[in-house]
Each structure stands twice: as structure tokens, then as C-alpha cells.
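Enquirer: just a sequence and a predicted model for now, questions to come.
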Amino acid sequence: MTDYETITYAVEGHFLAESEQIGVITLNRPGKLNAIGPELIKDMNAVLDKIEKDDNIRAVIIRSASEKAFSVGADLTAAAQMAQDRKMAKEFMESGQLLFRRIESFPKPLIAEIHGLCMGGGLEMSLACDLRIASKETKFSNPEVKLGLIPGWGGTQRLPRVVGMGRAKEIVLTGRDVLADEAFEMGLVNKVVPSDELHGEALFMAQSLADNAPIALKLAKAAINHSFDVSVEKGNVTELEGMLATFDTEDLSTGIAAVFSKSKPKFKGK
């Protein structure tokens, strides 16, 4: 396990997997309920650099060391210190936006494993991930308007794309809590499980991603992300380019051969 100041990092695998291919990032500021400050943003970028260079890692989980929260959002202590320094505040907010954009466009799929409080920037971090799985006790919210703020790390942008405009406006403009079952019903999370099953289920979900062809995963994720920014016609061009790119990979031959041999393919990411 690798330790940073505000997170830990380990490589894990599902017990049914032949090897460990899942990078597990654990937010580790339990005393601050994983409040997101400049150091956590720095540590997250550093560990993502490490994961991006490691071809063995096929999927990533972001989880929490705190029993009470995934993350309560931006560190208000740090924010208060920046209140009189507009330049510093702008740099802090932009660094968070850049980190979450990096998570969203990361070449490997990411799963947010969520329990407890998932508020403000914590919710925004989870929205930047590709999939979200939550324990039954999870509470989600974007409470910024109750503090005289607005979401600043993508909440006004990603939340409507996940749950729809009406739901997003309700959540952001009221600042109310959304419990796990309601979050599932509105599509905010992909699955809700008992807390004692959360990490095992996240590992199973991550392994189901890791078993697939890495290049195809990267291209499919990029095409889906691109679909929100362009017309269907232009999106189809991106899709076609991605499809044709897979024709040049060994993985495609491996996958097709596995179908005919009725065996499980072992993709090399080539």
C-alpha cells in the first residue's frame, strides 16, 4: 500500500480473478470527513499519474477510510482562508475542476464506492466517475446554496446529465438530502447494497470492467463522454473512428477467437 498525506493507494483484485488489476484509492482524512483541500487534490493527481502509467491496472475504485463519509466536499477551513484572496480562491476552484475533469476523461474506468455523507464536492467527485455504487446508509446532497455558494466543481453541469434537469434543479436549489434508494431510482447511482457488502460489490463491478479489452474500454468511454458535447451525427464520427481503431488491436482477435473457442479472453491491451 502506498501512502500519501491525504489518501492511500493499493492494488487489489476480486477473489475470483487470476491477478490483481484494480487500483483502489482511499480518501484518508477521516478527522475532516475527507474534506477536499489543495493537498488532497495534489495527492489525487499524483496517484492518477501513477495509475495511468501502470498497464497492469485496468479499473479504479475511489472509496473512503471514514466510517461516516465518502466526502463532505470542499474544505471550508481552506475556503475561509481564501475568502479574502480572490486569486487564491479561483486557483483552488479551478484545480478541483481540472481534477474532476481528469477523472471524467481518465483512460481507465473509475467507480465511486460511496457510504455515509456524500456532499458538495464529494458528490461532484462521484459524478466525475463512470459508475457509482452506494451503501443503503448513504446521503447525497449539493448544499452549497445553504451556505451562500453554488456548486463549483461540476455539480451544475454533470448532475443534470445524470439525473435530468428537473431533478438536478431540485437537488441544487433546495440543497436537500437524497437518500440511497431515491438516488438509485433517479439514476444517480448504479447500485445500492448493504454496507457490509459495499467493497466486495465494488470489487466485483471493477473486475467486470477489468476483464474487458482495455483499449476498447478507453475508446468507448471517450465516445460516450463526447456524445454530450456534439450532435448525433458528429458523435457517430467519433464512434466510427473508435471502432476502426479497435480493428488494429490484438485484443479484437483475442476476443473473436474466444467466442469461437467458448473460452474467456485474456486481453493484453495491445
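Expert: Structure received.
Enquirer: hey, let's count contacts and neighbours off CA atoms from now on
Expert: Fine.
Enquirer: and the biggest helix by length in the chain, how far out from the chain middle?
Expert: In the chain, assigned by DSSP state H, the helix with the most residues is helix 86-105. Relative to its chain's centre, helix 86-105 lies at 15 Å (C-alpha atoms, centre = their mean, to the nearest Å).
Enquirer: ok, and what's touching that helix?
Expert: The contact list for helix 86-105 (C-alpha atoms under 8 Å, 6 or more residues apart in numbering) reads 38, 41, 44-45, 79, 82-83, 110, 124-125, 128-130, 152-154, 221-222, 225.
Enquirer: quickly list what Ile36 is bridged to.
Expert: Applying DSSP bridges to Ile36 yields these beta-bridge partners: Ala74.
Enquirer: show me where this protein has its helices.
Expert: Counting by DSSP H, the helices of the chain are 38-53, 76-82, 86-105, 121-128, 155-163, 165-174, 180-185, 198-210, 214-226, 232-246, 250-261.
Enquirer: pick the most deeply packed of these.
Expert: Across the helices of the chain, averaging neighbours per residue (mean count of other C-alpha atoms under 10 Å) puts helix 121-128 on top, at a mean of 27.
Enquirer: look up how far Ile7 lies from the residue nearest to Met125 when sequence neighbours are not counted.
Expert: The shortest distance from Met125 to any non-neighbouring residue, by C-alpha to C-alpha, 6 or more residues apart in numbering, is to Phe100 (6.0 Å). Here Phe100 is placed at a distance of 16 Å from Ile7 (C-alpha to C-alpha, to the nearest Å).
Enquirer: over to Glu113?
Expert: 15 Å.
Enquirer: do the same with Gly166
Expert: On the measure of C-alpha to C-alpha, Gly166 and Ile7 end up 35 Å apart.
Enquirer: give me the pLDDT for Lys191.
Expert: Predicted confidence (pLDDT) for Lys191: 98.
Enquirer: ok, it - contacts?
Expert: Arg132, Ile133, Ala134, Phe184.
Enquirer: first to last residue in stretch 129-147, what's the distance?
Expert: Using C-alpha to C-alpha, first and last residues of stretch 129-147 are 26 Å apart.
Enquirer: same question for stretch 54-72.
Expert: One end of stretch 54-72 to the other measures 30 Å (C-alpha to C-alpha).
Enquirer: stretch 10-19 too?
Expert: 14 Å.
Enquirer: one step back: is it possible to get TSV of the contacts of Lys191 that adds pLDDT and distance to Lys90?
Expert: Formatted as TSV, the contacts of Lys191 follow (pLDDT from 0 to 100; distance: C-alpha to C-alpha, whole Å):
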residue	pLDDT	distance to Lys90
Arg132	98	29
Ile133	98	31
Ala134	98	31
Phe184	98	34
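Enquirer: by neighbours, which of those wins?
Expert: Each of the contacts of Lys191 was scored for neighbours by other C-alpha atoms under 10 Å, and Ala134 scores highest at 31 neighbours.
Enquirer: pLDDT weak spots in this protein?
Expert: 17, 79-80, 251-253, 255-256, 258-259, 269 (pLDDT under 70).
Enquirer: redo that, cut-off 50
Expert: Along the chain, no part satisfies pLDDT under 50.
Enquirer: tell me the centre residue of it?
Expert: Cys129 (2.0 Å; C-alpha atoms, centre = their mean).
Enquirer: so who does that one touch?
Expert: Applying C-alpha under 8 Å, 6+ apart to Cys129 gives the contacts Ile103, Glu104, Pro109, Leu110, Ile111, Ala112.
Enquirer: pull the most distant pair out of the residues you listed.
Expert: For the contacts of Cys129, the maximum inter-member distance is 11.6 Å, found between Glu104 and Ala112 (C-alpha to C-alpha).
Enquirer: between these two, which contacts overlap?
Expert: Cys129, Asp130.
Enquirer: roughly how far does the residue nearest to Pro107 when sequence neighbours are not counted sit from Ser263?
Expert: Closest residue to Pro107 apart from its sequence neighbours, by C-alpha to C-alpha, 6+ apart: Lys218 at 5.0 Å. Separation of Lys218 from Ser263 (C-alpha to C-alpha): 23 Å.
Enquirer: over to Gln84?
Expert: 62 Å.
Enquirer: residues contacting Gly154?
Expert: Gln97, Phe100, Glu124.
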